[in-house]
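Participant: Whatever this is, show me its structure:
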Amino acid sequence: MSGLTTGIYIVRLHTQAGTVVKRLVKE
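Facilitator: Numbering: from 1, shown residues only. Modelled structure (predicted):
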């Protein structure tokens, strides 16, 4: 359970970071 929750958190963080990077690259 704990490992799965951590994995989901990591995926969310990576997704948000990717979105921010894409915005910075566009601008």
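Participant: secondary structure element for V21?
Facilitator: helix 2-26 (DSSP states H and E).
Participant: show me where pLDDT drops low in the protein?
Facilitator: Low-confidence segments of the chain (pLDDT under 70): 1.
Participant: Identify the residue nearest the geometric centre of it.
Facilitator: H14 (2.1 Å; Cα atoms, centre = their mean).
Participant: Now do the contacts for it.
Facilitator: Listed by Cβ atoms under 8 Å, 6 or more residues apart in numbering, H14 has no contact partners. Every C-beta, even on glycine, is put in place using the N, C-alpha and C of the backbone.
Participant: could you measure it against V20, distance?
Facilitator: 11 Å (Cβ to Cβ, to the nearest Å).
Participant: before we move on, what about Y9?
Facilitator: Note on Y9: its distance to V20, by Cβ to Cβ, is 17 Å.
Participant: contacting residues for T6?
Facilitator: Residues near T6 by Cβ under 8 Å, 6+ apart: none.
Participant: Name all residues that make contact with I8.
Facilitator: I8 touches nothing, counting by Cβ under 8 Å, 6+ apart.
Participant: Pull the number of nearby residues for Y9.
Facilitator: By the criterion of other Cβ atoms under 10 Å, Y9 has 10 neighbours.
Participant: what do you get for the one 10 residues further on?
Facilitator: Residues within reach of T19, counting by other Cβ under 10 Å, total 10.
Participant: Same check on V25?
Facilitator: With other Cβ under 10 Å as criterion, V25 counts 7.
Participant: Tell me the spacing between it and L4.
Facilitator: If you go by Cβ to Cβ, the gap between V25 and L4 works out to 32 Å.
Participant: before we move on, what about K26?
Facilitator: Computed with Cβ to Cβ, the distance linking K26 and L4 is 33 Å.
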